[in-house]
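A.B. asks: Okay, sequence plus prediction incoming.
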Amino acid sequence: MGNFPVRLLTEGISSMLKLGELARIINAELIGDPSLEVRRAQPFDLASEGDVTLALEKRYVSRINESQATGIIVGAPISGGTKNQLVARNPKLAFARAIEALHKTEYRPTGISNDLIAGEGTVLGKELSIHPRVTIGRDAVIGDRVTLHSGAVIGDGCRMGDDTVIHANVSIYSDCEIGRRVIINSGTVIGADGFGFVADEEGRQLKLLQLGRVRVEDDCEIGANCTIDRGGFGETILRRGVKLDNLVHVGHNCDIGEDTVVAAMSGFSGGTRVGRRCVIAGQVGTAHHVSIGDEVTITGGAAIIKDVPAGKVMSGMIPARDHNAWRRSQVLYSKLPELAERLRTLEKTVESLAPPSGDREA
Amino acid sequence: MGNFPVRLLTEGISSMLKLGELARIINAELIGDPSLEVRRAQPFDLASEGDVTLALEKRYVSRINESQATGIIVGAPISGGTKNQLVARNPKLAFARAIEALHKTEYRPTGISNDLIAGEGTVLGKELSIHPRVTIGRDAVIGDRVTLHSGAVIGDGCRMGDDTVIHANVSIYSDCEIGRRVIINSGTVIGADGFGFVADEEGRQLKLLQLGRVRVEDDCEIGANCTIDRGGFGETILRRGVKLDNLVHVGHNCDIGEDTVVAAMSGFSGGTRVGRRCVIAGQVGTAHHVSIGDEVTITGGAAIIKDVPAGKVMSGMIPARDHNAWRRSQVLYSKLPELAERLRTLEKTVESLAPPSGDREA
Amino acid sequence: MGNFPVRLLTEGISSMLKLGELARIINAELIGDPSLEVRRAQPFDLASEGDVTLALEKRYVSRINESQATGIIVGAPISGGTKNQLVARNPKLAFARAIEALHKTEYRPTGISNDLIAGEGTVLGKELSIHPRVTIGRDAVIGDRVTLHSGAVIGDGCRMGDDTVIHANVSIYSDCEIGRRVIINSGTVIGADGFGFVADEEGRQLKLLQLGRVRVEDDCEIGANCTIDRGGFGETILRRGVKLDNLVHVGHNCDIGEDTVVAAMSGFSGGTRVGRRCVIAGQVGTAHHVSIGDEVTITGGAAIIKDVPAGKVMSGMIPARDHNAWRRSQVLYSKLPELAERLRTLEKTVESLAPPSGDREA
């Protein structure tokens, strides 16, 4: 058996904080005893002594006196609440910060596995954690404190910023640029050719060579088994802070705006532009070259086929129903033209029957 | 070139059985000669002498006397059928058993490739088949007769039961638990972080640390390029016997019930609960935290946005039609509010025109 | 650090051509100076001196005199156009050929990495480019000038034609056949078992052993993270020239016709037959065993649940709209049976009110 660098578990480890310190860190007002100690963040139903928890929904708020948690994050002071309350303007954000304060482990480099294969001209940063069976091409630049998990393949000429984490079996094609503090989950493919073909005189599909690249800016997180294609010309861009869930497809020359979040299984056709701070649910699709403004919300399964102005909420999916009820609606959906025609005919008939409204009064 | 453990082909190999033995194995009543020999299972149109086949659909049943197959599995005795009939209550199940009886090969361990990389504290079972280029982290436990194909990466602290098969380039993050007789196909990712973020005061997305894990119970089969996220707190669970097709997404803290089958490209948002023995077709999606009862059927493409009681059949997709017909329906769909308003107006007008129904009789 | 074969960048490199030569290569008529030199193909907005570009849409055609490009491909001579015009019957095809003529690099073998693991009986062609960390099973046949990128795992008994490129972390199961000049992008899985199960007497799912294989014919291109399942019996086939985008699923025993293109995230259920030269957009799904004729177009998100004759254009998706407008339509969609009933009632009432049409004339 070969060597293996020491890797610390990030799970199951926690720090200790006094409630007073925690309140400061998460920007909450403490109603209670600042000297009590907490060691874990836990969901409401599982929290016990030594834990901090969150009472966000009404059903939890109404039960806070039943909780064994040492500290409870709430959105407003609960009158009659006998527990230590941490009152925060945005309780979910405060809880996220509490989880981080108690459970985030410090980065510790594990070093470079001695089986690393890296091509000529590649420059490696310092304090790295390169696991076994990582392959890097030529002329790549890897920043400081980067973690590369086993099976990761990094192409020629890629650049990768500090503190980035590439999980197992990620594939990055040549010449892509990955920013700082980026997380790319397993199985994701960055920089494959965009889907560009044109039929020739005999109906065969000729490939449009894809000469561009992918740029993933700082603080992006990309889920597992995503595909981010390189630009045809120019770049496909995920801007700072974009978060993609699993199995998301980003076509060539897409440009996804800062802090936009995209849930699982959504796909962006080539040339889609998405603004900043959009919230895009799962299984959404876009047509080529549509442009979506800032702070747009798109609900699950929606198909975006034309531009969307900033701030809009867009929907389109048909929610599932009882199969027989659905069949009736679905049959009538296909008969809508006929129904509309019958309605029109009826309107004309009724008009011919009804006396003019002036006459009615008479 | 390096070494490579001998691996037996599982395809193209078959046993020989007499029809009488086969009938016993597949729990069918034989009408015919029990001493005849069969060596292969084949579909109806390809079956020839020495084969057993299935006549399930009417078009095959009506043609059984044309078949060259030595044995034909049917759901009821075919009068006038001159062939050797294997009459089974559930012919498809009987055929599945016949395929297994004739074509399933016995497990033979190929040993542990001498390039295995396994971290400190990892315990390996016996009679293993570990192919080249497998990487296992620290403190993992691998059961007996496990097969790990090339490129598989198993994280720290994972536990894997006996007789499980992990295909090439599968990635399993740390601390996941995989049961016995589980099959995980290539490219699948188990245990990546769930998609949990909350916007901070500046609109940046703060990650909710994902502290849970994934538990895949005995006899599950997971297709290729699936993603099963770890729990935020607690577990994401595939219960005993769950079967997932390819490109299925299971979000954090989902709980999929025993013997449920899920076709390709379906996705479950975080916290979805699915009951036992559900049948979920392809490209289905669920909203967060919905609960689906036992023995529910969901047809292709349906979006489940609220709880579904046990035993229901749910549908929602709009089947494709001729483009022009679809356009007319689709335009009218968006005008449904207007059509409904016109219908209401018309009803009022007609009511004002029509004499009360009592008068009509007069 | 280990060795790494020299790999040439395919991007950023270009040839030089005179406009006259280029016109001949791309089959265009040159209106202008044949001796001018071009070195790059560029999109209209980025083209400068020394570039050839494309003016396809009207907004570009109207601005061709503003362009700094040395040559501009157009569909018809532009009167008043002072630039060097390359007039082509199919300008997009001509541009694809120009990109190829200027930017395609000649294949140069990088050799076989000395860490190649290949099983007994495997035969390798000549002039190969086998990158580090490639694993090939037993009894495989690899053609000439094949490129295998790092992390690729090729199963026992696979056959692969000349000039094929397999990207990083692709997994090919045993006994699959890959043609010549095929490109398979990273993360794609070829030959996993089809999804075939049948419930037994206790409701447990029994696996139907999948005994077939996958055949990918010449000139196919398969995107990243696709899944092409092996046949249950017989083959799953991608015929010559099929092009699949990313995250496409092809179920067991599908047969996809020559020169058909399929955009991202579409999925074909088991036994789907697709004709030649079909154009299938993204997120399409098909039911089991449907048959789609030649030259069919299917628009994005459509669900194909029955056979489609040749030449048809099929659609089905509901385009997204403003959320509130969508809710109104969606509520009424579920009330369509009620609306239709009210319409029917109204028609009867009006009929009873209206004099027979003969009377009206009177």
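C.D. replies: Done, it's in.

A.B. asks: contacts and neighbour counts: CA atoms only from here.
C.D. replies: OK.

A.B. asks: which parts of the stretch 51-200 of chain A sit against chain B?
C.D. replies: Neighbours of chain B within the stretch 51-200 of chain A, by C-alpha under 8 Å from any C-alpha of the partner chain: A:92-93, A:96-97, A:99-100, A:103-104, A:132-133, A:150-151, A:168-169, A:185-187.

A.B. asks: swap the cut-off to 10 Å and go again
C.D. replies: Proximity of the stretch 51-200 of chain A to chain B is confined to A:90, A:92-100, A:103-104, A:131-133, A:149-151, A:167-170, A:185-188 under the rule C-alpha under 10 Å from any C-alpha of the partner chain.

A.B. asks: residue contacts, the closest residue to chain B within the stretch 201-350 of chain A?
C.D. replies: Residue of the stretch 201-350 of chain A nearest chain B, by C-alpha to the nearest C-alpha: A:Ala320 (3.9 Å). Contact partners of A:Ala320, counting by C-alpha atoms under 10 Å, 6 or more residues apart in numbering or on different chains, are A:326, B:284-286, B:298-299, B:301-306, B:308, B:313-317.

A.B. asks: and if we set it to 6 Å?
C.D. replies: Contacts of A:Ala320 were listed using C-alpha atoms under 6 Å, 6 or more residues apart in numbering or on different chains, and they are B:Ala302, B:Ala303, B:Ile304, B:Met314, B:Ser315, B:Gly316.

A.B. asks: Inside helices: which ones of those residues?
C.D. replies: Residues of those located in helices (DSSP state H): none.

A.B. asks: Of those, which ones also sit close to chain A?
C.D. replies: Residues of the contacts of A:Ala320 in contact with chain A (C-alpha under 6 Å from any C-alpha of the partner chain): B:Ala302, B:Ala303, B:Ile304, B:Met314, B:Ser315, B:Gly316.

A.B. asks: Buried subset of the residues you listed as a ChimeraX selection?
C.D. replies: Here is the ChimeraX selection string for the buried members of these, based on 16 or more other C-alpha atoms under 10 Å in any protein chain shown:
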select /B:302,303,304,314,315,316
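
A.B. asks: Dump the ones next to chain A among the contacts of A:Ala320 into TSV; add distance to A:Gly251 and pLDDT as well.
C.D. replies: Shown next, in TSV, are the ones next to chain A among the contacts of A:Ala320 (distance: C-alpha to C-alpha, whole Å; pLDDT from 0 to 100):
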residue	distance to A:Gly251	pLDDT
B:Ala302	25	96
B:Ala303	24	96
B:Ile304	27	97
B:Met314	32	97
B:Ser315	30	95
B:Gly316	28	92
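
A.B. asks: Out of the ones next to chain A among the contacts of A:Ala320, flag the one nearest to A:Thr70.
C.D. replies: Minimum distance to A:Thr70 across those is 37.5 Å, recorded for B:Ile304 (C-alpha to C-alpha).

A.B. asks: Need the nearest residue in space to the closest one, chain neighbours excluded.
C.D. replies: Once flanking residues are discounted, B:Ile304 sits nearest to B:Thr286: 4.6 Å by C-alpha to C-alpha, 6 or more residues apart in numbering or on different chains.

A.B. asks: Tell me how far the residue of chain A found nearest chain C lies from A:Leu244.
C.D. replies: Across chain A, no residue is closer to chain C than A:Gly316, which sits at 4.0 Å (C-alpha to the nearest C-alpha). In this view, A:Gly316 and A:Leu244 are 21 Å apart by C-alpha to C-alpha, to the nearest Å.

A.B. asks: What of A:Leu86?
C.D. replies: 31 Å.

A.B. asks: ditto for A:Asp33
C.D. replies: 40 Å.

A.B. asks: Between these two, which has more neighbouring residues?
C.D. replies: A:Leu244 (26 against 15; other C-alpha atoms under 10 Å in any protein chain shown).

A.B. asks: need the contact list for the more buried one.
C.D. replies: Going by C-alpha under 6 Å, 6+ apart, A:Leu244 touches A:Ile222, A:Gly223, A:Val261, A:Val262.

A.B. asks: residue ranges with poor pLDDT in the stretch 201-350 of chain A?
C.D. replies: Residues of the stretch 201-350 of chain A meeting the criterion pLDDT under 70: none.

A.B. asks: Now A:Gly125: phi and psi?
C.D. replies: phi -70, psi -160 (degrees, to the nearest 10).

A.B. asks: Could you verify my assumption that it touches A:Gly143?
C.D. replies: Yes. Between A:Gly125 and A:Gly143 there is a contact at 4.6 Å, judged by C-alpha atoms under 6 Å.

A.B. asks: Report the secondary structure state of A:Ile138.
C.D. replies: That one is not Ile; residue A:138 is Arg. At A:Arg138, secondary structure determined by DSSP: H, G, I helix; E, B strand; the rest coil is coil.

A.B. asks: and what of A:Arg215?
C.D. replies: Reducing the assignment at A:Arg215 to three states with three-state DSSP gives strand.

A.B. asks: Let's see which of the ones next to chain A among the contacts of A:Ala320 end up in strands.
C.D. replies: B:Ala303, B:Ile304, B:Met314, B:Ser315 (DSSP state E).
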